[in-house]
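[1] sequence plus predicted model, see below.
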Amino acid sequence: MSRFSKWTLGSMLALLVIAFAGLSFMAGSPKDVYWMVRYAFPHMHRGKLRLGDDAPDVKLLALDGSNHFHLRERTGGKPLVVVFGSYT
Amino acid sequence: MVKIYNDYKDRADFLTVYVREAHPTDEWQMKSNVKEDVCYAQPKTLEQRVAIAKDFVERQKYPLPFGIDDMNNAADLAYSAWPERLYVIDEHGQIAYAGGMGPFNYDPEEVRAWLTKRFGPATQTSSMEPAAKAAGMH
C-alpha cells in the first residue's frame, strides 16, 4: 500500500470516528446513534412539496375510530394550518 | 401551536394529523418521554393508533381538530411529515407555507408569522388554554 493510500485511509477512518463521536454527542449516546440510523433515518424526508404546489389529498380517520374524511375536504374556505406529529 | 390555534381559529382552519410514532418504546425511545410517562410501542394496527391519539388528546386537553394517518402512512409519505412538520394550505388548495422537518426545523412561529402577515396580529389574549404547552405536537 502506498503512502498516499495509507494517509487517505487513515484520514477517512479519523473522519468516521469524529462523525460518530459528534453524532453520539448530539443524539445523547452511541446507542442513540444506532437507534437514530436504524429507526429515524429511513423515515426522514427532506420534503418535496413546494410553495404553490397542489396540496395532496389523503384519507384520514377521525378520532372516533370509525369515520373517515379527506384532508382536502377541509380546504377551500379559510387557509388550513396542518400540524403533523405524534405523541412521543 | 395551541396558542396559535386560539389566536387564529376564527380566521383560519386547523387540522392535526397523527402519523407514526417518533420515539416509541420498541424503537428510539427518549428519556424525556419516560420521565413524562409517554411510553407507547409503535402501533401495528389502526386501532392502536387511535388509542394513542385519544390518549394524547385527553391527557393534553388538545383542542385542535384531529385526523389519523392510515397504516400505509399515506399522509406521512405525501407530506414528508415524520416526525413532525407544519404546512399552511391556502383557499385554492395550494401549499402556502411548508415547514422544515422536525424537530429541529419545526417552527410554529413561522406559521404565526404567516398568519400575522395574512390577517394581522392576534387580537385576543388567549390565556384560557392550559394545554398550550402540549407535548409532542407543541
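    Noted; the coordinates are in hand. Values in this document were obtained by computation on a predicted structure and should not be read as measured data. Numbering: from 1, shown residues only, chains lettered A, B, ... in the order given.
[2] switch to C-alpha atoms for all contacts and neighbour counts from now on
    Will do.
[3] surely B:Leu15 forms part of a helix?
    No. Assigned with DSSP: H, G, I helix; E, B strand; the rest coil, B:Leu15 falls outside any helix and is strand.
[4] tell me who's in contact with it.
    A:80-83, B:64-67 (Cα atoms under 8 Å, 6 or more residues apart in numbering or on different chains).
[5] of those residues, buried ones?
    A:80-83, B:64, B:66-67 (16 or more other Cα atoms under 10 Å in any protein chain shown).
[6] want to throw those into a markdown table with distance to B:Leu46, pLDDT and secondary structure?
    Listed next are the buried ones among the contacts of B:Leu15 as a markdown table, based on distance: Cα to Cα, whole Å; pLDDT from 0 to 100; DSSP: H, G, I helix; E, B strand; the rest coil:
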| residue | distance to B:Leu46 | pLDDT | secondary structure |
| --- | --- | --- | --- |
| A:Leu80 | 25 | 96 | strand |
| A:Val81 | 24 | 97 | strand |
| A:Val82 | 21 | 96 | strand |
| A:Val83 | 19 | 96 | strand |
| B:Leu64 | 20 | 94 | coil |
| B:Phe66 | 15 | 93 | strand |
| B:Gly67 | 12 | 95 | strand |
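[7] between the two ends of stretch B:34-48, how far is it?
    For stretch B:34-48, the separation between the terminal residues is 19 Å (Cα to Cα, to the nearest Å).
[8] buried stuff in that stretch?
    Buried, per 16+ other Cα under 10 Å, within stretch B:34-48: B:38-40, B:42-43, B:46.
[9] among the residues you listed, name the ones in strands.
    Judged by DSSP state E, strands contain none of these.
[10] reformat the residues you listed as TSV; add distance to A:Ala19 and pLDDT.
    As requested, those are exported to TSV (distance: Cα to Cα, whole Å; pLDDT from 0 to 100):
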residue	distance to A:Ala19	pLDDT
B:Val38	31	76
B:Cys39	30	79
B:Tyr40	31	84
B:Gln42	29	89
B:Pro43	32	91
B:Leu46	38	92
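[11] need those residues in CSV with distance to B:Ala75, can you?
    Conversion of the buried residues of stretch B:34-48 to CSV gives the following (distance: Cα to Cα, whole Å):
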residue, distance to B:Ala75
B:Val38, 23
B:Cys39, 23
B:Tyr40, 21
B:Gln42, 17
B:Pro43, 16
B:Leu46, 14
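[12] ok, and which of those reach chain A?
    B:38-40 (Cα under 8 Å from any Cα of the partner chain).
[13] can you name every helix or strand that the longest helix along chain B contacts?
    For chain B, the helix with the greatest residue count under DSSP state H is helix B:46-60. Other elements packing on helix B:46-60 under the criterion 3 or more Cα pairs under 8 Å, 6 or more residues apart in numbering or on different chains; DSSP states H and E are strand B:66-68.
[14] so what strands line up beside the strand it packs on?
    strand A:59-62 (antiparallel), strand B:13-18 (parallel) (DSSP bridges).
[15] deepest in the core, which of the ones you listed is it.
    strand B:13-18 (a mean of 24; mean count of other Cα atoms under 10 Å in any protein chain shown).
[16] next, the angle from that strand to helix B:46-60.
    120 degrees (axes from the mean of the first three to the mean of the last three Cα atoms, to 10 degrees).
[17] other SSEs contacting the next helix or strand after strand B:13-18?
    Counting by DSSP states H and E, the next helix or strand C-terminal to strand B:13-18 is helix B:31-35. For helix B:31-35, there is no helix or strand it packs on, judged by 3+ Cα pairs under 8 Å, 6+ apart.
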